[in-house]
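>>> Dropping the sequence and predicted coords here.
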Amino acid sequence: MKTNTELLSKVAGFIWYEADLLDHKEYQHWLQLWSADGLYIVPTDINETDYLNTLNLALDDADMRRMRVARLESGESVSADAAGNTVRMVSRIRLLEAGEELVIARCAMTLNELRHGRLITYPADVEYQLRPVGDGFLIERKVIRLLHAEGFLRTVSFIF
Amino acid sequence: MSELIKLHNVSLKAAEMVEEGRVHKALYSDPDIFEQELDRVFNNTWVFIGHESEVPEAGSYKTAWVGRQPVILSRDRKMNLHVLQNRCRHRGATVCEGRKGKTKSFTCPYHGWGYALDGELRALPKPEEYDGVIDKSELPLMRLRHESYRGMVFATFREDIQPLEDFLGGAKKWIDLFMKQGGGYPVKVLGEHRFNFPGNWKIQLENTTDAYHFPIIHKSFVSSLDDATADIFDFLNGDGFVEDLGNGHSVMVMIPELVDLEADLEQPIPARFSELAAALREEGRSEEEVKRLVRAAHGTGFNLNLFPNVSCSMAFFRVLRPVSVSETEIQHVALGGEGAPVAFNRKRMRLHEHFQGPMGFGTPDDGEAWERVQKGSLAGTDGWILVNRGMGRLRQSADGNVAGAVCSETGMRGAYRQYKKMMAAAEE
Ligand code: FES
Ligand SMILES: [Fe+2]
């Protein structure tokens, strides 16, 4: 197995940067990481790949991402205001594709949320499709496959 | 049963905790009452378990619950539906753990007893040890009585209660209207969201007939809509109403213009559906069909609440399941049209994702409020929940039922009246 260490560390740096923005609720910066037609997807079935023709927990294009962030920042949503902090761990990053136009990476994430004094944990498998741009990347697609996607989740007032 | 329920300050039976216009807060948090509810309500009436489109073919099945009891809805080779208790007749393991799918039979994983789709026990390993001991024909998976209305399947443990259609009564007319949102195609389940909240099931039961909360708690959702759509959701000052349909059922009409999706087809196409209209035209759909599908894509302008566990809620089914006195599971079931244009069903799913489910723009705020109701119900040793809004301004509906303003608590009172009747019946 040959690993492109340089690219891997660049991708890891980008994914950790994104994770840090989200945990610190720097949503406006997060929006700028995306390509205009990028899709943020949380499927209800972790084996599903036809996202447009199935029901997802979230399938956000640029408009929906902007509205999701606006909702969380508006002060109008009681659940967003009551949301505690999140701490996410991202690891096990593997490059699935390392093209000039597109880099695909898969990783493991565990997101911990403290909600009304209770710790809730969301393990997930996350896949990124990244477009190399200049020195960094733009996100073309992020798919969050929650281990518990098919089960009964708690409501979510943050961004995976 | 006639023993009193022990409370700190009050000593009342569950049925006596329901008065016209208020209910005692102990109904949300007393575990003994919860156990009685499973018995007297959920095991004692018609409970919604699914839609026929979820088991479309011979061999299709889905798992569901009646109260706390796991059941299987299956379709046999002759296309007949069955509702089976999910419990092997040998030593009791569940025979099916899938959420839905297709199978030839249900085989118990423990010792391999095999059941047909209609529940009959077909085969078991080393049968000679049972010679003269059991008769296979006497050990099918236990069947529940079930009946359907417009594709909605209900099951009950009671052989002797009224037929489903009598139980639905005045709600049938509204189910008929609700099913028009297939846009000329049969209504079909497209998928579902599942989530739970740490609170009593009756908090959810009340919520689907609670228009009063909408502009307040869902402000951030309304802000995400274009102005014309936001206007549609500004319904508290409109001509909507809540009508008590009897047997615990009620309808809350929020947007009267969207009661009949097959009427008023000449309306101009709203901005938020312009892309859908363009996609349908591109597929070569006639202008008439485009208008019909766009109007259906909206969903209906009402919530129909069916006691005790399902609401036909504008565009989807909202199904509740009591897990414990302070935990409830909810399914938001997305609906579309069987054979309808791809663009139509996609739009329906995108609209569902926008508001519903654990990541929608609406549900998390409902969940937050419900959790707080549950928490608040523990404050004080005695206290009442008010459901008396609009009681002084009741009128008679066109169908001769009691009705109140859209933001009245008429539907909650109807549900609690049925609850009281069922909880009291066994206390005599
Ligand atoms: S428990 Fe099912 S075969 Fe024994
Ligand atoms: Fe709500």
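Looks like it arrived, so ask away. Ligands and ions are numbered 1, 2, ... in the order given.
>>> can you pull the contacts of B:Ile217?
Neighbouring residues of B:Ile217 by C-beta atoms under 8 Å, 6 or more residues apart in numbering or on different chains: A:Val78, B:Asp365, B:Asp366, B:Glu368, B:Ala369. Every C-beta, even on glycine, is put in place using the N, C-alpha and C of the backbone.
>>> Could I get the pLDDT score of B:Glu3?
You'll see B:Glu3 listed with a pLDDT of 43.
>>> Give me the helices and strands touching the helix or strand bottoming out on mean pLDDT in chain A, please.
Least confident helix or strand, chain A: helix A:78-82 with a mean of 90, by mean pLDDT, DSSP states H and E. Applying 3 or more C-beta pairs under 8 Å, 6 or more residues apart in numbering or on different chains; DSSP states H and E, one finds that helix A:78-82 contacts helix A:62-73, helix B:363-376.
>>> Nearest to chain A: which residue in the stretch 101-250 of chain B?
Of the stretch 101-250 of chain B, the residue with the smallest distance to chain A, taken as C-beta to the nearest C-beta, is B:Gly191 at 2.8 Å.
>>> Not counting its neighbours along the chain, what's nearest that residue?
In space, and not counting its chain neighbours, B:Gly191 is closest to A:Leu55: 2.8 Å by C-beta to C-beta, 6 or more residues apart in numbering or on different chains.
>>> dump the residue contacts of the one you found.
A:Leu55 sits in contact with A:Thr44, B:Leu190, B:Gly191, B:Glu192, B:His193, B:Ala334, B:Met349, B:His352, B:Glu353, where contact means C-beta under 8 Å, 6+ apart.
>>> Quick one: the strands in chain A, in order.
A:34-43, A:56-60, A:86-98, A:103-115, A:118-133, A:136-146 (DSSP state E).
>>> which other helices and strands contact the fourth one?
Right, strand A:103-115. Against strand A:103-115 (3+ C-beta pairs under 8 Å, 6+ apart) you get helix A:5-23, strand A:86-98, strand A:118-133.
>>> Output these in TSV; the columns should cover distance to ligand 1.
Shown next, in TSV, are these (distance: least, C-beta to the nearest ligand atom, whole Å):
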stretch	distance to ligand 1
helix A:5-23	46
strand A:86-98	39
strand A:118-133	32
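>>> Nearest to chain B among the ones you listed would be which one?
Using C-beta to the nearest C-beta, the nearest of the helices and strands packed on strand A:103-115 to chain B is strand A:118-133, at 8.6 Å.
>>> Show me how far the closest one is from its chain's centre.
Relative to the mean C-alpha coordinate of its chain, strand A:118-133 is positioned 4 Å out (C-alpha atoms, centre = their mean, to the nearest Å).
>>> that older thread, and among the strands of chain A, the most buried is which?
With neighbours taken as mean count of other C-beta atoms under 10 Å in any protein chain shown, those reach their highest mean count in strand A:56-60, at a mean of 23.
>>> returning to what we had before: name the residues of the least confident helix or strand of chain A that are buried.
The neighbour-count check on helix A:78-82 (16 or more other C-beta atoms under 10 Å in any protein chain shown) flags A:Val78, A:Ser79, A:Ala80 as buried.
>>> Arrange the strands of chain A in a markdown table, one row each, with mean pLDDT as further columns.
Formatted as a markdown table, the strands of chain A follow (pLDDT from 0 to 100):
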| stretch | mean pLDDT |
| --- | --- |
| strand A:34-43 | 98 |
| strand A:56-60 | 98 |
| strand A:86-98 | 97 |
| strand A:103-115 | 97 |
| strand A:118-133 | 97 |
| strand A:136-146 | 98 |
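>>> In a markdown table, list the ones you listed along with distance to B:Gln162.
Shown next, in a markdown table, are these (distance: least, C-beta to C-beta, whole Å):
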| stretch | distance to B:Gln162 |
| --- | --- |
| strand A:34-43 | 42 |
| strand A:56-60 | 39 |
| strand A:86-98 | 50 |
| strand A:103-115 | 44 |
| strand A:118-133 | 43 |
| strand A:136-146 | 43 |
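>>> Can you say which of those is nearest to A:Thr3?
For A:Thr3, the closest of the strands of chain A is strand A:86-98, at 7.7 Å, according to C-beta to C-beta.
>>> Can you list the strands that the closest one pairs with?
strand A:103-115 (antiparallel) (DSSP bridges).
>>> Show which residues not belonging to the partner strand make contact with it.
By C-beta under 8 Å, 6+ apart, the residues outside strand A:103-115 that reach it are A:7, A:11, A:15, A:19, A:82-97, A:119-132, A:137, A:144, A:154, A:158, A:160.
>>> Report the inter-axis angle for it versus helix B:363-376.
Interaxial angle, strand A:103-115 versus helix B:363-376 (axes from the mean of the first three to the mean of the last three C-alpha atoms, to 10 degrees): 20 degrees.
>>> distance of the residue nearest to B:Gly191 from A:Ser91?
30 Å (C-beta to C-beta, to the nearest Å).
>>> Count residues in the vicinity of residue 70, would you?
Unless you meant another one, I'm taking chain A. A:Ala70: 16 surrounding residues under other C-beta atoms under 10 Å in any protein chain shown.
>>> oops, I was thinking of chain B
16.
>>> Which residue, neighbours along the chain excluded, lies closest to it?
The nearest residue in space to B:Pro70 (C-beta to C-beta, 6+ apart) is B:Asn86, at 4.0 Å.
>>> Can you verify my assumption that that neighbour contacts B:Ala93?
No - judged on C-beta atoms under 8 Å, B:Asn86 makes no contact with B:Ala93 at a distance of 9.3 Å.
>>> which of those two has more neighbours?
B:Asn86 (19 against 14).
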